[in-house]
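K.L.:
give the three-dimensional model of this entry:
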Amino acid sequence: MYWCLWEVITGVCRTPLVNFYTKVPPCVWKLGWHVTPQGEFGTEILPLPPDYLMEKDILKEFVDVSMAIGWTNRQQFEETWAAFLGVLSQQTAEDDSQQGDIELSQCHVIAVRAITNLLLGATIVESNHLLTPPLLATSRGTALQYLRENINMYLNVAEVDGYNMHQMSTSKSFYELFKLKHYYCLSRDMLPSDETQKIVYTDMRSNTSVESFNDDLLDSVLIGGGVSRHPASSPADGIANVLPARLTHSDLDLRSCVVFLLQLYGQWLGQGNRSPLALVNETCRSVLFLSELFTERAQFEWFYDLLTDIQRSHSMEDEISGQYMVLAMCKTAAVLGQDRVDPEHVVKTVEAGLKSSHISTQTNSLRGCTYLLDSSHCPDVVSQIQPLLMDYLTRNLLAMVAAGCVGPTQHIVLQVRTAVHFVQYFSEELQDGEFVQTTVSSCLALASDSESGLPGGLYVAIVEGLEELLLHGVLPRIHADAIGRLAADRFAVAAPWRSMLTLRLLATSMYLDRVSDDDAGEVNPDATVSAMERVTAMLDRMRKGAPREAKCICSVLPQILMDFFPIQEVLNRVISEFVSSFQVHPSIFSRVVATVFRTAPHDAVVDWVSLSLHNVTQRQPAYMSVWCQTVLLGFASDLLPLAVWANQRVGIFAEADRRVYLLVASHFYRFELRTSEQRHGFRLVLESAAASNDISLPYSSLLSVIST
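P.N.:
Got it, this is the predicted structure:
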């Protein structure tokens, strides 16, 4: 409800009629500011005078409104940019008091946050929708080997319908958790996270896996592939080609904006300039985020030199500065390579960050390690941080299993993601396999724990991480089997949204087992039995679940049945389940019936429908028997409009339903039944049903129709 209301308010505020008024902070009117409206609607007003923005309270409100509503054209972007830049350009007067210097510094901090968010927001793919938009993204890594070799088989498994999963959740954020995104993106959180952080500022967090790590990880990756483990181009090529194409519609010159800000920041942070510590920290944070828009190697070199200068004047005991320094140092080192940076200094920075008592510093150290691990330019640095990272992750994963998930959820999730990422790409270098064993066993133990003690974000990270390990093929068979058992167990007993997320892992495990058997050139009877048990678990979950769960399961069930079992067995199982009185969602399950009937050979469908007709007439209550026959015979006869119409009238038996049944059944008898034996059997079933049921049912009428 909150998101719906927010979308309405934001949409109204972006309309030309009220847009100019909504961009003015309310407190400005109270201070006596008067302006004459202009424009077509008489509501356009001039931009706010720079003097007003030097008041901290007014600047805060202006930033809140500007970042929440966004800009609608290039002129508004430039006006907002000029307003923030005017604040940053203000200098301290010689006769100002110490209090005045403090207030000016606070305004500078607010403006730095705002102008950074403004530039990053300009990379939104669809700038007319700023609620939770996708930002400029660049792929990192290559397609999974399994997907390249078995793409047709995997299409209907990996892409469990995101829309249905969105319906399963009560929070908008879950929709992003369920999406399969094989790319890295910038931050998409354009709203204030809590009341204490009212200044809207993009909280970018580092990616540490093949997929984007939702809101629990830093959505920050070197644009251009420069830190990719499988680089496809030079560091500057990717963003140089992608960014202009994305911004052609708005004709924004972000390069000039970034260059101007870097020059300004260089004046603030240069040697001999004693800027306030809060401004130094915020400026470093801003440059770190703006590095997503760097297009030249020289910009990263400038950033690295700036970091080394700041570290000389700020000790690592300053945790606020240190949390940004370690991430920025790793990112620049990953881009520039060990020939340009000091490898020993980078390793010491990472080691100090991992040993820090400050959670934010540890978190950013893990994110920084991911940049280094993905870089092909720092082999010496990677070889030295690997044991440090393995020791840190092993110690913390075992502690989580022993004592429970104690600490910030984001940090715990990041540890799991980083461990999974490490196993994915460095499994060949892990000689003893102890780290792989620790990672998998810890994930299995945490996911098997009581749901009440496991945060939702951590469960998502574990399930998606285990799926990635399966798809990369880096796990021995014993671990893959254990993951499959976990998926079956969690799918059966977990809460609805957790169960539907586990469905993807369950199906992935099934397909990988089949591929392993195909590669071995043998048919494993145990694998067939296991697949049947898991299909049975899906059907059981659908029977006791909500309609939304049933829809999600039905979106993947037909493909699984057709891939794993003979067509005769599939038809028997589908028809039996559809007419079963234990199936509480027959109208939803009819989608499976329609898909299977459309895929299977037509003669086989007609034969199985004819053989099952006697069981269908025994369905209770009697009117449900007529409904089941109408749907089955309609799909088997390719009378899709009538079958779909009947499917929407489950539980209803009126004169219209009676007529549709007679039409569909008579068509099936005359045009689908090819042999006299089939027609004779059809009549016998109807005669038996007419003799044992209420005369109000249409069986006697149908016999009269087909006899003429």
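K.L.:
how about low-confidence regions in the stretch 601-708 of the chain?
P.N.:
693, 695 (pLDDT under 70).
K.L.:
show me the helices in it, by range?
P.N.:
For the stretch 601-708 of the chain, the helices defined by DSSP state H, counting those that start in this stretch occupy 602-617, 622-636, 640-647, 655-667, 676-692, 699-707.
K.L.:
any idea which of the ones you listed gets closest to S356?
P.N.:
S356 lies closest, by Cβ to Cβ, to one member of the helices of the stretch 601-708 of the chain: helix 640-647, at 60.6 Å. Quick note: C-beta positions are derived from backbone N, CA and C, even for glycine.
K.L.:
which of the helices of the stretch 601-708 of the chain sits closest to S365?
P.N.:
Between those, helix 640-647 lies closest to S365; by Cβ to Cβ that is 56.2 Å.
K.L.:
tell me which element the residue nearest to T332 when sequence neighbours are not counted falls in.
P.N.:
The shortest distance from T332 to any non-neighbouring residue, by Cβ to Cβ, 6 or more residues apart in numbering, is to Y304 (4.2 Å). If you go by DSSP states H and E, Y304 is part of helix 297-313.
K.L.:
for that helix, buried residues please.
P.N.:
Within helix 297-313, the residues scored as buried using 16 or more other Cβ atoms under 10 Å are R297, Q299, F300, W302, F303, Y304, L306, L307, I310, Q311.
K.L.:
got a list of what the last one touches?
P.N.:
So the one you mean is Q311. Going by Cβ atoms under 8 Å, 6 or more residues apart in numbering, Q311 touches M325, T349.
K.L.:
gap between it and E577?
P.N.:
66 Å (Cβ to Cβ, to the nearest Å).
K.L.:
and for the fourth one?
P.N.:
Between W302 and E577 the computed distance is 65 Å (Cβ to Cβ).
K.L.:
gap between the one helix or strand V423 maps to and the chain center?
P.N.:
Element membership for V423, per DSSP H and E: helix 409-426. Here helix 409-426 is found 16 Å from its chain centre; the criterion is Cα atoms, centre = their mean, to the nearest Å.
K.L.:
and the following helix or strand past that helix, what does it pack against?
P.N.:
Sequence order places helix 434-448 as the next helix or strand after helix 409-426, per DSSP H and E. Counting contacts by 3 or more Cβ pairs under 8 Å, 6 or more residues apart in numbering; DSSP states H and E, helix 434-448 packs against helix 379-403, helix 409-426, helix 456-472, helix 477-493.
K.L.:
one more time with 10 Å, if that's ok
P.N.:
Secondary-structure packing of helix 434-448 (3 or more Cβ pairs under 10 Å, 6 or more residues apart in numbering; DSSP states H and E): helix 379-403, helix 409-426, helix 456-472, helix 477-493, helix 496-520.
K.L.:
so can I have JSON lines of these showing distance to L703, mean pLDDT and mean neighbour count?
P.N.:
Converted to JSON lines, the helices and strands packed on helix 434-448 look like this (distance: least, Cβ to Cβ, whole Å; pLDDT from 0 to 100; neighbours: other Cβ atoms under 10 Å):
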{"stretch": "helix 379-403", "distance to L703": "68", "mean pLDDT": "92", "mean neighbour count": "17"}
{"stretch": "helix 409-426", "distance to L703": "64", "mean pLDDT": "91", "mean neighbour count": "22"}
{"stretch": "helix 456-472", "distance to L703": "55", "mean pLDDT": "89", "mean neighbour count": "23"}
{"stretch": "helix 477-493", "distance to L703": "45", "mean pLDDT": "92", "mean neighbour count": "18"}
{"stretch": "helix 496-520", "distance to L703": "45", "mean pLDDT": "81", "mean neighbour count": "20"}
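K.L.:
compare the ones you listed and give me the one nearest L444.
P.N.:
helix 477-493 (5.5 Å).
K.L.:
quick one, the closest one and helix 434-448 angle?
P.N.:
10 degrees (axes from the mean of the first three to the mean of the last three Cα atoms, to 10 degrees).
K.L.:
next one: helix 477-493 to chain centre, how far?
P.N.:
22 Å.
K.L.:
what's the angle from that helix to helix 456-472?
P.N.:
Going by the same axes, to 10 degrees, helix 477-493 makes 140 degrees with helix 456-472.
K.L.:
roughly how far apart are the closest residue to A646 other than its chain neighbours and I412?
P.N.:
Nearest non-adjacent residue to A646, counting by Cβ to Cβ, 6+ apart: T630, 4.3 Å away. Distance from T630 to I412, counting by Cβ to Cβ: 53 Å.
K.L.:
now do Y459
P.N.:
Y459 sits 11 Å away from I412, taking Cβ to Cβ as the criterion.
K.L.:
if I look at these two, which residues touch both of them?
P.N.:
Both Y459 and I412 are contacted by L446, under the criterion Cβ atoms under 10 Å, 6 or more residues apart in numbering.
K.L.:
which residues of the stretch 51-200 of the chain score low on pLDDT?
P.N.:
In the stretch 51-200 of the chain, residues with pLDDT under 70: 92-97, 124-200.
K.L.:
redo that, cut-off 90
P.N.:
In the predicted model, the stretch 51-200 of the chain carries pLDDT under 90 at residues 51-52, 65-76, 89-104, 117, 119-200.
K.L.:
which helices and strands does the helix holding V423 pack with?
P.N.:
Counting by 3+ Cβ pairs under 10 Å, 6+ apart, helix 409-426 packs on helix 359-374, helix 379-403, helix 434-448, helix 456-472.
K.L.:
returning to what we had before: correct me, but the residue nearest to A646 touches A665?
P.N.:
Yes. The pair T630 / A665 is scored as a contact, 7.7 Å apart, by Cβ atoms under 10 Å.
K.L.:
joint contacts of these two?
P.N.:
With Cβ under 10 Å, 6+ apart as the test, T630 and A665 both reach P698.
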